[in-house]
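Chemist: How does the following fold in three dimensions:
(chains A and B)
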Amino acid sequence: MVDLDHKGWRIFASPLVGFLLLFLGFPILIDLVYSLSRVSFTNLRSPEIVGFGNYGEVLGDAQFWRASWFSLRFGVITAILECVLGLGLAVFLSPLIEKRSWLMAPLMLPLMVAPAMIGLMYRLVLHEFVGPVPYYLYLWFGDSPSFLNAENAFWTLVVVETLQWTPFALLLFYTAYRAIPNDVREASAIDGASARQILTAIELPLMRPTLIFTFFIRFIDGFRVFDNVYTLTGSGPGGSTTSLPIYIYEAFFKQGAIGKAIAASVILFLASFVGLYALTWLSRRGKGAAS
Amino acid sequence: MIKLARWIVYAVAALALNFPVIVTLLTSFKSGKEISVNPGFWISSPTLENYATVLQVSDRLNIFAYLFNSLAASLIGTVLAMIITFPAAYAIARGRYGRKVLMPLIVNLRAVPLIIFAIPLYMMFQFAGLLDTQLGLGLILTIVNLPLSLIVFVNAIAEVPIEIDEAAKLDGMSKWGIMKGMMLPVCRPALATVFIFGFITAWNEFLFGLMLTSNRAVPMTVGASFFFAASGGGIQWGAASAVMIVGALPPMLIGIIMYRQISGSMTAGAVKG
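Modeler: Numbers count the residues shown, from 1 in each chain, chains lettered A, B, ... in the order given. Prediction:
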């Protein structure tokens, strides 16, 4: 029997609710007020309401749109690469890992390292004088691209992000793959289905919820990327690797453009709110159609 | 044949995924002189001098302070998140409390770019004197840990047979008593999972450490990046590598030892998220 004593339960949730109001609710309120104000580090506590000027400034800033485009492209590309690689590895390596589960530990190790540290480590890995990658490229091919210039930095970062987070996709896909009951596979094998047919017609459809969820999580994390980009390239040569969070960070700390930074935060908040709402709606509709 | 192919793919994947860590580890055992002439994958004369340099407190680098700041802030950020989400999870799992608003709100928090809260939090912290303190950073790390903590606890409590609650209620126990006396002990594995995973997440956090600390409370991730930025005349790669290895070691060790719990908690978020 479920206890529906609503008032009694409220006390249990109240520490969490209080914490949320203080550390997330109040900041959003400040965001909204300050985004409409003229504010600098000198009148931080007495902002002067001026209307939508900050939003106009952000929306008219070419760098803001570049940053949005960077985040979107980065999120989509890394999420696709991570899911494809993770799925391939999960299915192909599953017979090995099934028998020796410790084999998973080395593959998961990158997930334990701070993305900021990984970014720093690649400064060493890709360094033209002391980094092994340029060293071996020179040794074997006589030439090495400059990985961090305006042209290549985006794709270098895509590789860095993908290599660190493919294990996440691999882990989730492996778990989902192992969760498919073996008799399902055996039954279709008896019916004469080939391994490939079993994969595409039975296993992948069964793994669909996990595939979608993982893609979504990886897209979100790629979209809001900050740590490894910041430590490896910063905003990049000519601002070429400015993600939205880096745009906001630089507007606030480097330019002192508080109003602009906060207006950009609110826009990002609204965008993620709309995105999440649309996604929840879509997944509800999908479930409704399925049942 | 196919089995050999699987092993080869496994080895290549394990090397490629861990490539930056392997390179950094190798470099950390090379002398400064060797690094400049030998960037390759072997070490001709292994040395511990980089670690000796790094573990010595100097004006430029006090790695123990960074490590301690990370430890303190991560502990606050993990334990506080557990303390406030466990009772809420109990209300959600047993009373269907907050299923429409509270639970979705927190789950979606996982997907919101937290930088949108960063500037107001910076102002609040400045006002409250929490800038550049371990407590301040710990409070923020609590926010980061809320979603996973709540999801894992709700799942864990939902799996406990409700007959336990009912029997205890007949014995005259209050809800509070049931939660403390019965749920907490039963959910010990979930508590351990959240603690481990939350600690690693908190330790590896960078953005808020960068924004909200500057000197006294700088965590390891930010301290390591200072080390790169501050060296004007070129980076000492040997010492830099040693700093990165020392800073990355605690979560990696916990991760290797506890990888089963961690994979469990990641998939928990996936299945019910």
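Chemist: Now the phi/psi pair for the nearest residue to A:T156 once chain neighbours are set aside, please.
Modeler: Sequence neighbours aside, A:F147 is the residue nearest to A:T156 in space, at 4.5 Å (criterion: Cβ to Cβ, 6 or more residues apart in numbering or on different chains). To be clear about C-beta, it is placed using only N, CA and C from the backbone, and glycine gets the same treatment. Here is the backbone geometry of A:F147 (degrees, to the nearest 10): phi -70, psi -30.
Chemist: quick one: contacts for A:F147?
Modeler: A:F147 sits next to A:L126, A:V133, A:P134, A:A153, A:T156 when contact means Cβ atoms under 8 Å, 6 or more residues apart in numbering or on different chains.
Chemist: Which residues are in contact with the fourth one?
Modeler: Just to be clear, that refers to A:A153. Contacts of A:A153 (Cβ under 8 Å, 6+ apart): A:F147, A:T233, A:G236, A:P237, A:S240, A:T241.
Chemist: now swap in B:L48 and tell me
Modeler: B:L48 neighbours (Cβ under 8 Å, 6+ apart): B:F29.
Chemist: what's the distance between it and chain A?
Modeler: B:L48 sits 19 Å away from chain A, going by Cβ to the nearest Cβ, to the nearest Å.
Chemist: Just the strands from the stretch 51-200 of chain A, written as ranges.
Modeler: Ranges of strands within the stretch 51-200 of chain A: none, based on DSSP state E, counting those that start in this stretch.
Chemist: Surely A:T241 forms part of a helix?
Modeler: No. Counting by DSSP: H, G, I helix; E, B strand; the rest coil, one finds A:T241 to be coil, located in no helix.
Chemist: what about it, neighbour count?
Modeler: 24 (other Cβ atoms under 10 Å in any protein chain shown).
Chemist: From chain B, how far off is it?
Modeler: According to Cβ to the nearest Cβ, A:T241 stands 16 Å off from chain B.
Chemist: residue contacts, that residue?
Modeler: A:F70, A:A153, A:F154, A:L157, A:V229, A:T233, A:G234, A:S235.
Chemist: Make JSON lines from these and add pLDDT to it.
Modeler: Converted to JSON lines, those look like this (pLDDT from 0 to 100):
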{"residue": "A:F70", "pLDDT": "96"}
{"residue": "A:A153", "pLDDT": "94"}
{"residue": "A:F154", "pLDDT": "96"}
{"residue": "A:L157", "pLDDT": "97"}
{"residue": "A:V229", "pLDDT": "96"}
{"residue": "A:T233", "pLDDT": "91"}
{"residue": "A:G234", "pLDDT": "88"}
{"residue": "A:S235", "pLDDT": "86"}
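Chemist: Torsion angles phi and psi at A:D191?
Modeler: With angles defined as degrees, to the nearest 10, A:D191 sits at phi -70, psi 0.
Chemist: Report the residue spans of the chain with pLDDT below the cut-off.
Modeler: All of this is about chain A. Scanning chain A for pLDDT under 70 picks out A:1-4, A:42-44, A:286-291.
Chemist: my bad, the chain I had in mind was chain B
Modeler: By pLDDT under 70, the weakly predicted segments of chain B are B:229-233, B:264-273.
Chemist: List the buried residues in the longest helix anywhere in it.
Modeler: Across chain B, the helix with the greatest residue count (assigned by DSSP state H) is helix B:63-95. Within helix B:63-95, the residues that count as buried by 16 or more other Cβ atoms under 10 Å in any protein chain shown are B:63, B:65-67, B:69-82, B:84-95.
Chemist: which residues sit against the helix or strand hosting B:A14?
Modeler: B:A14 is located in helix B:2-17, with elements delineated by DSSP states H and E. Helix B:2-17 is contacted by residues A:89, A:92-93, A:95-96, A:103, A:106-107, A:109-110, A:163-164, A:166-167, B:22 when judged by Cβ under 8 Å, 6+ apart.
Chemist: next structured bit after that helix?
Modeler: The C-terminal neighbour of helix B:2-17 among helices and strands, as given by DSSP H and E, is helix B:19-28.
Chemist: nearest spatial neighbour of A:P237, skipping sequence neighbours?
Modeler: Among residues not flanking A:P237 along the chain, A:A150 sits closest, at 4.3 Å (Cβ to Cβ, 6+ apart).
Chemist: you'd agree A:I77 is up against A:V158?
Modeler: Yes. Contact criterion Cβ atoms under 8 Å: A:I77 and A:V158 qualify, at 5.6 Å.
Chemist: Which member of the contacts of helix B:2-17 is positioned nearest A:L120?
Modeler: A:L120 has its nearest neighbour among the contacts of helix B:2-17 in A:Q164, at 12.7 Å by Cβ to Cβ.
Chemist: Which parts of the stretch 51-200 of chain B are helices?
Modeler: Along the stretch 51-200 of chain B, the stretches classed as helices by DSSP state H, counting those that start in this stretch are B:63-95, B:102-109, B:115-128, B:134-159, B:162-170, B:175-178, B:184-186, B:188-204.
Chemist: what's the residue closest to the geometric middle of chain A?
Modeler: A:D221 (1.0 Å; Cα atoms, centre = their mean).
Chemist: Can you give me the neighbour number for residue 132?
Modeler: Answering for chain A, as no chain was given. Neighbour tally, A:P132, other Cβ under 10 Å: 21.
Chemist: Switch to chain B, please.
Modeler: Counted by other Cβ under 10 Å, the residues lying close to B:D132 total 17.
Chemist: I figured it hits B:L212, correct?
Modeler: Yes. Contact between B:D132 and B:L212 holds when scored by Cβ under 8 Å: they sit 7.1 Å apart.
Chemist: And chain B, is stretch A:122-135 touching that?
Modeler: Yes. Contact of stretch A:122-135 with chain B is found when judged by Cβ under 8 Å from any Cβ of the partner chain, involving A:Y122, A:R123, A:L124, A:V125, A:H127, A:F129, A:V130, A:G131, A:P132, A:P134, A:Y135.
Chemist: end to end, how far does that stretch reach?
Modeler: End-to-end distance for stretch A:122-135: 14 Å, by Cα to Cα, to the nearest Å.
Chemist: related to what we said a few turns ago, just the buried ones among the contacts of A:T241, please.
Modeler: The buried subset of the contacts of A:T241 - by 16+ other Cβ under 10 Å - is A:F70, A:A153, A:F154, A:L157, A:V229, A:T233, A:G234, A:S235.
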